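> Here is my input, please return the structure:
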Amino acid sequence: MLLNIIRVTIYESEPGMYNFRHLPAFAQFILDNHIDEYVNDQIQLSYKMDIPLLQYLKHLSREQLFQQSKLSAQEMLGFIADNNAKGYLEMSMQRWVTNQLNIVDKFDIVAEDITLINYVRQESLKKFLPGYTNDTDLLMAIVTDLNTFILGNNTTASNTYMQILKNKIEEETLFTSNIINASPAIIFIYDLIQQRESFITGKVEEVMGFTPKEVMDMGGEMVVKLAHPEDLHIIAEMIQKVITENNDQISVSEYRFKDKSGKYHWMRTYVVIFKRDEKGQPVEILGQTFEVSKEKELMLALEKREKELLEAQSIAKVGSFDWDFATDTTQYTPELRRIFETETPPGYESFLSQVHPEDKQKVVDAMSKGMEEGYYECEYRYIANGKEKVLLTRGGIVYQDEKPVKMIGTVHDITERKQFEESLFEKTIELQKSNASLQEVASVASHDLKEPLRKIITFSDMVVAAEKETLSTTSQAHLQKVIESSRRMKTLIDDILTFSTLGGKEEKQHKSLKEVVQDVLNTLEVRIKEKNAEVTVSDLPVAMIYPTQMQQLFLNLISNALKFHKEDEVAKIQITHSFKRPAQIKHTAVTKASKYLEIHVADNGIGFNNEAAEKIFQLFLRLHNRSQYEGTGLGLAICRKVAENHGGTITAASEPGKGSVFTLTLPLL
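Below you'll find the model as predicted:
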């Protein structure tokens, strides 16, 4: 099985094209672990694709075919694993050109063999990618290397094939006919004197929708009629290059051609001088055209993705680099050039000279550690054109023969973030100081305000008791109002102090919520008996809470339920709970968790208009007149703050005359 005999060098390719980054390791992986599977898969797929070359291998037994294919595959993968794909291609090309293929003659190979063999090899290699890695970026990198290798094979094999065809075209008429019939390309001869095709065959109708006769009938107008207007100059330049250079080199160009339905396809054409006149000037060129729309679309998509990646780097202020240790040279993305504010990538010493003096040793130490562990990360200050920046560099070390040879990584300009963090830290300190001052002021103010109130209440009571018989009814009423107002003022001060000191120094504890509620019910025992109220509590779970705060929350909710009960009905209060998943929580203000606890406090009281369900948690807001129901308007505001201190929230739902339900949502895990 000679699946790897067609390997030739791309003489026109860029230097280092076959110096792959990821393909060698993948090839070694197959050699070490899956060579037999790989060979069997190639054989099966080759028969499935009905590769023409197989007819010359019918005399081989199954074992002989397998061994021959395995030797060929090991040879190819070995060269690739050594990152010497170019050397292997040159060797294979030499075998083909000098007719040293042993099993088949060099003229037995047809164009379809080239494309199908490369297709089989590519598909067989791809099947082992999932077992090699699940890293998407690495997979794409290997596929890119593989596509480059296959593209090079197809291109150079076609070039060599055309060169052989040119040299033997007059002698090997039958072979030429077979090539034309089997080729996936359009084969043509272009008359440079008449400026029209003098011969065309191959996959003309399959690709263009026109028959060869229809194309020939267009004459010299064919190119103008079918080529994309923007690409006419490409075709003209290709033909002019052949005429001007007048050598045996193959020229290639890509352009768009319109099919019979009006749809444009990307075409790749290879041309070479086919015939010269008596003066040695070219008069005919031989061409081979392939439809490459899918390949071109993929390339354009990759170009678009690269552009989007560079735009994303610019937005995020992240640049990437590839630093070669041996040459101390670096390839930078545009964003990294902007970060370093230089067009010339600096070497290591030059880079280090720009690092803030106080951070140089940190960078050097991080580099030494990275060389040993294979990963580099360092945050440091960098001086670019007199401006200090804070940069965060991360990179992976690439090893060859257990020696570090390069680093691939990113540099993130975090200057603005660090400035924001410093500003936020300063404001946090200021806020903490302010909160501490406010709590101290509130405590002192509370003490200083409550003391005069106590005296007002005490002395007013004394006056009423001592002078009750001598005071007029009006004076007694006035003094009673003074006493009541003073007591309301004292309650208001207590509530304000409670609200301002929530979230103080209390530590969270694992506490049974049922015990917390029971403590509240014990406190309210007298009022509950006075109201003849019925209170039922479910088996509330243990939670991580601030016990005092949670006690205050339930005290306020139950007190409100007792306060706003219907005079003609027995007050009923139900406290239940349920557990919720994140998807069931609609509140955006709660802390993210994998599980939530909802506690419902429901009553059968007078209720309220549900439009006020959010307003009732505001400071000092009252829905009822003080003469009807006493209170400061701070109770529910305290409940909301307690809920928020626990990373949760509290909401209310009600209808006039139908009671109310307060729902406390707390994150658990």
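> any idea of the pLDDT on the residue of the chain most remote from its centre?
Going by Cα atoms, centre = their mean, the residue of the chain most distant from its centre is Thr470, 86.2 Å out. Thr470 is assigned 78 on the pLDDT scale.
> hang on, it in a strand?
No: the assignment for Thr470, made by DSSP: H, G, I helix; E, B strand; the rest coil, is coil rather than a strand.
> Any figure for the gap between it and Val464?
11 Å (Cβ to Cβ, to the nearest Å). For glycine as for every other residue, the C-beta is placed from the backbone atoms N, C-alpha and C.
> Helix, strand, or coil at Met407?
Per three-state DSSP, Met407 ends up strand.
> List the contacts of it.
The neighbourhood of Met407, defined by Cβ atoms under 8 Å, 6 or more residues apart in numbering, consists of Phe321, Asp322, Trp323, Phe325, Gly370, Tyr376, Gly395, Gly396, Ile397, Val398.
> and with 10 Å instead?
Residues in contact with Met407 (Cβ atoms under 10 Å, 6 or more residues apart in numbering) are 321-325, 330, 367, 370-371, 374-376, 393-398.
> Repeat that for Asp328.
Each residue near Asp328 by Cβ under 10 Å, 6+ apart is listed here: Pro345, Pro346, Gly347, Tyr348, Glu349, Ser350, Phe351.
> So what does it look like in phi/psi?
Backbone dihedrals for Asp328, given as degrees, to the nearest 10, come out at phi 50, psi 40.
> low-confidence ranges in the stretch 451-600 of the chain?
Within the stretch 451-600 of the chain, the segments meeting pLDDT under 70 span 451, 453-455, 459, 468, 476, 484-506, 588-589.
> Go again with 90.
For the stretch 451-600 of the chain, the stretches with pLDDT under 90 are 451-511, 519-533, 544-553, 555-571, 580-595.
> What segments of it are strands?
Secondary structure of the stretch 451-600 of the chain by DSSP state E, counting those that start in this stretch: the strands cover 509-512, 534-537, 542-545, 572-580, 596-603.
> can you pull the buried residues of the last one?
Within strand 596-603, the residues scored as buried using 16 or more other Cβ atoms under 10 Å are Tyr596, Leu597, Glu598, Ile599, Val601, Ala602, Asp603.
> who's the residue nearest to the fourth one when sequence neighbours are not counted bridged to?
This points to Ile599. In this structure, Ile599 finds its nearest non-sequential neighbour in Leu664, 4.4 Å apart by Cβ to Cβ, 6 or more residues apart in numbering. Beta bridges link Leu664 to Ile599, Ile650, judged by DSSP bridges.
> Adjust the sequence numbering to begin at 889 for everything that follows.
All set: I'll call the first residue 889, so the last point we hit is now Leu1552.
> quick one: contacts for Leu1552?
Counted by Cβ under 10 Å, 6+ apart, Leu1552 has contacts 1401, 1438, 1441-1442, 1445, 1463, 1465, 1485-1489, 1527, 1530-1531, 1534, 1536-1539.
> Now the buried members of the residues you listed.
Neighbour counting with 16+ other Cβ under 10 Å marks 1401, 1438, 1441-1442, 1445, 1463, 1465, 1485-1487, 1489, 1527, 1530-1531, 1534, 1536-1539 as buried within the contacts of Leu1552.
> how much space between Phe1087 and Val1103?
In terms of Cβ to Cβ, Phe1087 sits 11 Å off from Val1103.
> So Ala1490 sits against His1465, correct?
No: using Cβ atoms under 10 Å, Ala1490 makes no contact with His1465, being 11.8 Å away.
> Quick one: neighbours of Tyr1287, just the number.
By the measure other Cβ atoms under 10 Å, the count of residues near Tyr1287 is 11.
> That should have said Val1425, apologies.
Using other Cβ under 10 Å, Val1425 has 18 neighbouring residues.
> Contacts only, for it.
Val1425 makes contact with 1401-1402, 1405-1406, 1408-1409, 1442, 1461-1465, 1489, according to Cβ under 10 Å, 6+ apart.
> circling back: could you single out the nearest of the buried residues of strand 1484-1491 to Asp1079?
Of all the buried residues of strand 1484-1491, Tyr1484 has the smallest distance to Asp1079: 81.2 Å, by Cβ to Cβ.
> nearest residue to that closest one other than its sequence neighbours?
Distance criterion Cβ to Cβ, 6+ apart; nearest residue to Tyr1484, sequence neighbours excluded, is Lys1468 at 4.4 Å.
> mind checking how far that neighbour is from Ile1081?
85 Å.
> List the residues that contact Gly1535.
Counting by Cβ under 10 Å, 6+ apart, Gly1535 touches Met1432, Ala1477, Val1478, Thr1479, Lys1480, Ala1481, Thr1553, Leu1554, Pro1555.
> That one: helix or strand, and which one exactly?
Using DSSP states H and E, Gly1535 sits in no helix or strand.
> With neighbour numbers in mind, choose between Lys1468 and Ile1081.
For Lys1468 versus Ile1081, neighbours defined as other Cβ under 10 Å are more numerous around Lys1468 (14 against 11).
> Please export the C-alpha coordinates of stretch 966-986 as PDB.
C-alpha atoms of stretch 966-986 as PDB (Å, rounded to 0.1, in the frame of the first residue of the first chain):
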ATOM      1  CA  GLY A 966       9.000   9.400  11.800                       C
ATOM      2  CA  PHE A 967      10.100  12.300   9.600                       C
ATOM      3  CA  ILE A 968       7.100  14.400  10.900                       C
ATOM      4  CA  ALA A 969       7.800  13.500  14.500                       C
ATOM      5  CA  ASP A 970      11.400  14.800  13.900                       C
ATOM      6  CA  ASN A 971       9.900  17.900  12.500                       C
ATOM      7  CA  ASN A 972      11.500  17.200   9.100                       C
ATOM      8  CA  ALA A 973       8.400  16.900   6.900                       C
ATOM      9  CA  LYS A 974      10.200  18.900   4.200                       C
ATOM     10  CA  GLY A 975      13.100  16.300   4.100                       C
ATOM     11  CA  TYR A 976      10.600  13.500   3.800                       C
ATOM     12  CA  LEU A 977       8.800  15.300   1.000                       C
ATOM     13  CA  GLU A 978      12.000  15.900  -0.900                       C
ATOM     14  CA  MET A 979      13.000  12.200  -0.600                       C
ATOM     15  CA  SER A 980       9.600  11.100  -1.800                       C
ATOM     16  CA  MET A 981       9.700  13.500  -4.700                       C
ATOM     17  CA  GLN A 982      13.100  12.200  -5.700                       C
ATOM     18  CA  ARG A 983      11.700   8.600  -5.600                       C
ATOM     19  CA  TRP A 984       8.800   9.600  -7.800                       C
ATOM     20  CA  VAL A 985      10.800  11.600 -10.300                       C
ATOM     21  CA  THR A 986      13.500   9.000 -10.700                       C
END
